[in-house]
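Student: can you look at this prediction? I've put the sequence above it.
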Amino acid sequence: MTVRTRFAPSPTGYLHIGGVRTALFNWLFARHHGGTFILRIDDTDTARNVDEALQPILDGLLWLGIDWDEGPRVGGPHEPYFQSQRADRHCLAVEALLASGHAYRDFSRPEELDLERKAAQAAGAAFIYSRRFAAMTDADCNRFIAEGRSSVVRLKMPRTGSLTIVDLVRGPVEFAWQREQDHVIQRANGSCLYHLASVVDDQDLAITHVIRAEEHLSNTPRQAFIAMSLGYKLPTYAHLPLVAEPGSRTKLSKRKLSQYLKNADFSQITDHGTRIAERVGLTVQSDTFNPVVVDFYREVGYLPWAIVNYLALLGWSYDDHTEFFSRDELISRFSLEKINSSPASFDPKKLWAVQDHYMRGATMAEKLAVMLPFLQRAGLVPSSPTAETLSLVQSIVEASGDRLKVAGDILAYADFFLVDHPLMDQAAVRLRLEKPGIGSLLGSYRKSIAELSEFSKISLEESLKKIVADAGLKTGDFVHAVRVAVTGKTVGPGLYDCLFILGRESVLRRIDSAIKLCPPATT
RNA sequence: GGCCCCGUCGUCUAGAGGUUAGGACACUGGCCUUUCAAGCCGGCAGCACGGGUUCGAUUCCCGUCGGGGUCACCA
């Protein structure tokens, strides 16, 4: 039997990190078994613009390298892959359930049901619908219609016995039928509800393994009832541990996006990301630019595989020491058996470390490919850069080394190289330049640079150290001032790298400007 | 509240009767150093609790406590 798994997001306008993890595990399981990974769009909630809300989800999955064999854009033998377009199949299933007595038309009014529910509550008992408005016969039906009632279709759930499903992550789980409600499967307006639709679609798409988040575990009995009543073979279920908020066990919720933007655990990557976004003129909105949404990472310049590798480790592990996997390794090593059953909290700092690892390992070509667009969007490099500019950028990337954690970091390290006059950090100027004697030291250094027979990192360093030694100072006393003088800031790549990349003319010019900021010599 | 799931360092985890309970991230002390980053060396920190079973339980069973999920004419 060929494995067929699916990820079935509803078009919400963004790709949630928890959703990605579910998609990833489905994808990995299918790829591992040489099976088929299907993307189905559960767009039963027709209110929103599907195209627009779907785009970010498809783009996000593709960016991460999670590709699907059947679904939107690629089609497949079981089209359509949009739940809303399969309504006729759902209705047919409802008819079949009605005909076989596994469902019934219910003419109760919402307030009548409420009354029953409240009565049960008051009595301290679990609510079990009386079915007194259930039309079990045509005669009942006609009578209720004559009363002017409208109806929904409900499942006629068993009230004795139990169901045991064998979950691939959790093992056997037993549910007493008595606790289940007569869930509505078709609304008064004739449209069908998610659970019915989902079961029918899974059957029609020949899904063999339903791999989804644990929040669906409680929904399984009603879905299993629908499937069994329809004569379907039950798929194998695997309920993944929830992805929880940082430092907590509470589900990472899509309804709390704006809270996460202010969450202290997220603040490091959120603030860092926001600085980058601002420099490229990105509008920062909580429902898209948010560390719980995949777009955030793309916009800030994370490497997609770093995200995937990190997410794979959330609830799954291969052994006691391996944590970095290539795509092929991850696919060959993945198994449902190694999935943990307890919730895993999302740790932004660990993600950051994984990203750091992959950025270090990236080749120069890869780094340039991801970083150049940031420089271009920030207006520091033209859209069609010359070979000279490209080589300058490459030097900057090289000199910056592993200070560049995400692609967007290039902005902070490259900006002063790419403009004529660096933006001077006023605090840095006060700290490093507005000190007695600095002006004359800079003057000396300027002079020796101008006279350097060979402009190289080594000669730059030697001449600086000579000046410092002559003045009876330590290197550190002067290096910081030079850095601020030429770059405008206190941090950056190695000083001699900076000077060398800037070139003699530019360095001299910058030192001249900086000297004007220093206090005049007292003698 | 009912039902279901879960419970090893702060976090992700290894462990599947006998281990000095291992690793990673984070945190932290020191060294190095022109900033930052990195690097090197070191440190802190965990089996929720109580009963069983057993010669022996982190590991198996029961209970307690704790956490989470779910109980819609949402998906």
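Tutor: Received the coordinates, thanks. Numbering: from 1, shown residues only, chains lettered A, B, ... in the order given.

Student: quick check: which element contains residue A:175?
Tutor: strand A:171-176 (DSSP states H and E).

Student: partners of that strand, with directions?
Tutor: strand A:162-167 (antiparallel) (DSSP bridges).

Student: nearest residue to residue A:248 other than its sequence neighbours?
Tutor: Nearest residue to residue A:248, sequence neighbours excluded (Cβ to Cβ, 6 or more residues apart in numbering): residue A:345, at 5.9 Å. For the C-beta atoms, the positions are set from N, CA and C on the backbone; glycine is no exception.

Student: neighbours of that neighbour, how many?
Tutor: 16 (other Cβ atoms under 10 Å).

Student: quick check, pLDDT for it.
Tutor: Here the pLDDT value assigned to residue A:345 is 95.

Student: wouldn't it be in contact with residue A:245 here?
Tutor: Yes: using Cβ atoms under 8 Å, residue A:345 makes contact with residue A:245 at a distance of 6.3 Å.

Student: buried sites along the strand holding residue A:175?
Tutor: By 16 or more other Cβ atoms under 10 Å, the buried positions in strand A:171-176 come out as A:173, A:175.

Student: helix or strand next in line after it, which one?
Tutor: strand A:184-186.

Student: what is that next one packed up against?
Tutor: Counting contacts by 3 or more Cβ pairs under 8 Å, 6 or more residues apart in numbering; DSSP states H and E, strand A:184-186 is packed against helix A:87-99, strand A:152-155, helix A:194-204.

Student: adding distance to RNA strand B, write those out as JSON lines.
Tutor: Shown next, in JSON lines, are the helices and strands packed on strand A:184-186 (distance: least, Cβ to the nearest atom of the strand, whole Å):
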{"stretch": "helix A:87-99", "distance to RNA strand B": "10"}
{"stretch": "strand A:152-155", "distance to RNA strand B": "5"}
{"stretch": "helix A:194-204", "distance to RNA strand B": "3"}
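
Student: for residue A:487, find the nearest of the ones you listed.
Tutor: helix A:194-204 (56.9 Å; Cβ to Cβ).

Student: contacts for the very next helix or strand once past that closest one?
Tutor: Once the chain leaves helix A:194-204, the next helix or strand it forms, by DSSP H and E, is strand A:209-213. By Cβ atoms under 8 Å, 6 or more residues apart in numbering, the residues outside strand A:209-213 that reach it are A:3-6, A:18, A:22, A:25-26, A:29, A:168, A:202, A:235-240, A:242-243, A:336.

Student: can you do 6 Å?
Tutor: A:5, A:22, A:25-26, A:235-238, A:240, A:242 (Cβ atoms under 6 Å, 6 or more residues apart in numbering).

Student: which ones among those also lie next to RNA strand B?
Tutor: residue A:242 (Cβ under 7 Å from any atom of the strand).

Student: and the pLDDT for the residue sitting nearest the centre point of chain A?
Tutor: Closest residue to the average C-alpha location of chain A: residue A:294 at 2.7 Å, with Cα atoms, centre = their mean. For residue A:294, the model assigns a pLDDT of 96.

Student: my guess is it contacts residue A:60, does it?
Tutor: Yes: between residue A:294 and residue A:60 there is a contact under Cβ atoms under 6 Å: 4.2 Å.

Student: so what's in contact with the two at the same time?
Tutor: By Cβ under 6 Å, 6+ apart, the residues touching both residue A:294 and residue A:60 are residue A:15.

Student: separation between residue A:296 and residue A:351?
Tutor: 11 Å (Cβ to Cβ, to the nearest Å).

Student: same check, this time on residue A:440
Tutor: Residue A:440 is 49 Å from residue A:351, by Cβ to Cβ.

Student: which one's more surrounded, the two?
Tutor: Remark: of residue A:440 and residue A:351, residue A:351 carries more neighbours, 22 against 16, as counted by other Cβ under 10 Å.

Student: quick check, residue A:390 in a strand?
Tutor: No: Residue A:390 is assigned helix when assessed by DSSP: H, G, I helix; E, B strand; the rest coil, not a strand.

Student: nearest residue to it other than its sequence neighbours?
Tutor: residue A:368 (7.5 Å).

Student: and the one you found, helix, strand or coil?
Tutor: Going by three-state DSSP: residue A:368 is helix.

Student: any chance of JSON lines for the helices and strands packed on strand A:184-186, columns mean pLDDT and mean neighbour count?
Tutor: Shown next, in JSON lines, are the helices and strands packed on strand A:184-186 (pLDDT from 0 to 100; neighbours: other Cβ atoms under 10 Å):
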{"stretch": "helix A:87-99", "mean pLDDT": "97", "mean neighbour count": "16"}
{"stretch": "strand A:152-155", "mean pLDDT": "97", "mean neighbour count": "22"}
{"stretch": "helix A:194-204", "mean pLDDT": "97", "mean neighbour count": "22"}
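
Student: poorly predicted segments of chain A, please.
Tutor: Residue ranges of chain A with pLDDT under 70: A:46-49, A:521-523.

Student: where along it do the strands fall?
Tutor: A:4-7, A:36-39, A:103-106, A:134-135, A:152-155, A:162-167, A:171-176, A:184-186, A:209-213, A:236-240, A:243-244, A:344-345 (DSSP state E).

Student: contacts for the second one, please.
Tutor: When you say that, I think you mean strand A:36-39. Taking Cβ under 6 Å, 6+ apart as the rule, strand A:36-39 contacts A:4-7, A:27, A:30, A:68-71, A:205.

Student: again with the first one
Tutor: For strand A:4-7, the surrounding residues in contact (Cβ under 6 Å, 6+ apart) are A:23, A:26, A:29-30, A:35-40, A:206-209, A:211.

Student: in it, what counts as buried?
Tutor: Per 16+ other Cβ under 10 Å, strand A:4-7 contains these buried residues: A:4-7.

Student: send me that strand as CSV with only the CA atoms.
Tutor: Extracted in CSV, the C-alpha atoms of strand A:4-7 (Å, rounded to 0.1, in the frame of the first residue of the first chain):
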residue,chain,number,x,y,z
ARG,A,4,-0.7,9.0,1.1
THR,A,5,-0.6,11.8,3.6
ARG,A,6,-2.1,15.3,3.5
PHE,A,7,-1.8,18.7,4.9
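
Student: quick check, distance from that strand to the centre of its chain.
Tutor: 20 Å (Cα atoms, centre = their mean, to the nearest Å).

Student: same check, this time on the fourth one
Tutor: The chain centre lies 46 Å from the centre of strand A:134-135; the measure is Cα atoms, centre = their mean.

Student: repeat that for the second one.
Tutor: Between the centre of strand A:36-39 and the centre of its chain there are 20 Å (Cα atoms, centre = their mean).
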